[in-house]
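> Next come a sequence and a model predicted from it.
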Amino acid sequence: MSDLGFHCNRLHHLEEGILNNGLKRGEFYNFLEQALPALKRQIIDRDLAVSIHAPLVSPDWYPNPPTWSFLCDVDKENRNLTMKMIVGTMEPADEFGAQYVVVHFPTPASDAAGESEAKLATIAWRSCDWLAELSERRKMPIHIEGVGASPFLNIEFLSQMLSQYPVLRYCFDTGHMQLASQSAGFDLYDFAEQIVPYTGSIHLWNTRNGDDYQAFRHIPVHPSQDPEQGWVDIARVLKIMGQPSYPIIFESAHQYPEALGDYDYRDGVQWVKEILTTSS
């Protein structure tokens, strides 16, 4: 299961999420700068496969949360802040042995009311140009994670963009794509089938709707989550995405929300392992 890993933004998460679940991969993000030397030692000592989710270090100058992206924003200052955050993540990525860096794109454009579709598209394409150039210059793959209710979070734009820039790959995030499909009215599983040729990695967490997300954020995947009750069909998504020739990252907390049931998140980790083993 070298392709299966857990996200971490604190050193103790590495022990709990990765090692205690018998995994050999981590995706690291939003660390305090003083924790980086210890993180690097742990990665080397544990011989972990690594990816990084921008930002690696939490900037004190960036809007909260720092993982929010303004690459499609009409406000140039917001775009420049996001670019500064991404560059600050790309610089040490090779030093940490990262295989790729995950960047949120696109996300909602603020104050876009009244702006022409052509202007917004120009901003989006220029951001794509910049990401591709940065990836090539740093010799570090970038995986674009679709987030937000954006007019550019659709298969037409993404497939065209990812075809033009093969250095960029798609990070299919099960929870965010669930929310996007509900707000934009597209079929989640049809989107998954069409994005497969451009996919570089997967983020696993679950949600039924926006209310869940507001209350519980990233809910751990679990076999109790019935798609008939609105949950993402995780087994179906993994089947659509095919054999795990790319990393699959659990992107959730290490506890299941008590309000949703007395469940152990580790049962979800084991469930996914069994799904992947059965489909291999």
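That came through, no problem.
> Going by C-alpha atoms from here, please, whenever you check contacts or count neighbours.
Will do.
> For the nearest residue to Tyr246 once chain neighbours are set aside, list the residues it contacts.
Spatially, and ignoring its direct neighbours in sequence, Tyr246 is nearest to Ser201 (5.3 Å; Cα to Cα, 6 or more residues apart in numbering). When contacts are counted by Cα atoms under 8 Å, 6 or more residues apart in numbering, Ser201 touches 143, 169-172, 246-249.
> For Gly242, give me the pLDDT.
Among the per-residue scores, Gly242 holds a pLDDT of 81.
> would you list every one of the strands in the stretch 51-200 of the chain?
Taking DSSP state E, counting those that start in this stretch, the strands of the stretch 51-200 of the chain run over residues 98-104, 142-145, 168-173, 199-204.
> The shortest one - which strands sit beside it in the sheet, and in what orientation?
In this case it means strand 142-145. If you go by DSSP bridges, strand 142-145 pairs up with strand 98-104 (parallel), strand 168-173 (parallel).
> what comes into contact with the longest one?
Read it as strand 98-104. 49-54, 67-69, 86, 89-90, 93, 140-147, 171.
> picking that back up, taking the strands paired with strand 142-145 together, which one is wrapped up most tightly?
Across the strands paired with strand 142-145, averaging neighbours per residue (mean count of other Cα atoms under 10 Å) puts strand 168-173 on top, at a mean of 24.
> so that strand versus strand 199-204, what angle?
With axes from the mean of the first three to the mean of the last three Cα atoms, to 10 degrees defining the directions, strand 168-173 sits at 20 degrees from strand 199-204.
> quick one: strand 168-173 to chain centroid distance?
Mean C-alpha position of strand 168-173 versus that of the full chain (Cα atoms, centre = their mean, to the nearest Å) differs by 7 Å.
> Wait, Met140 touches Asp94, no?
Yes. Met140 lies in contact with Asp94 (Cα atoms under 8 Å); the separation is 7.5 Å.
> Which one's more surrounded, these two?
Met140 (20 against 16; other Cα atoms under 10 Å).
> which stretches of the stretch 151-280 of the chain have low pLDDT?
Within the stretch 151-280 of the chain, the stretches with pLDDT under 70 are 243-244, 280.
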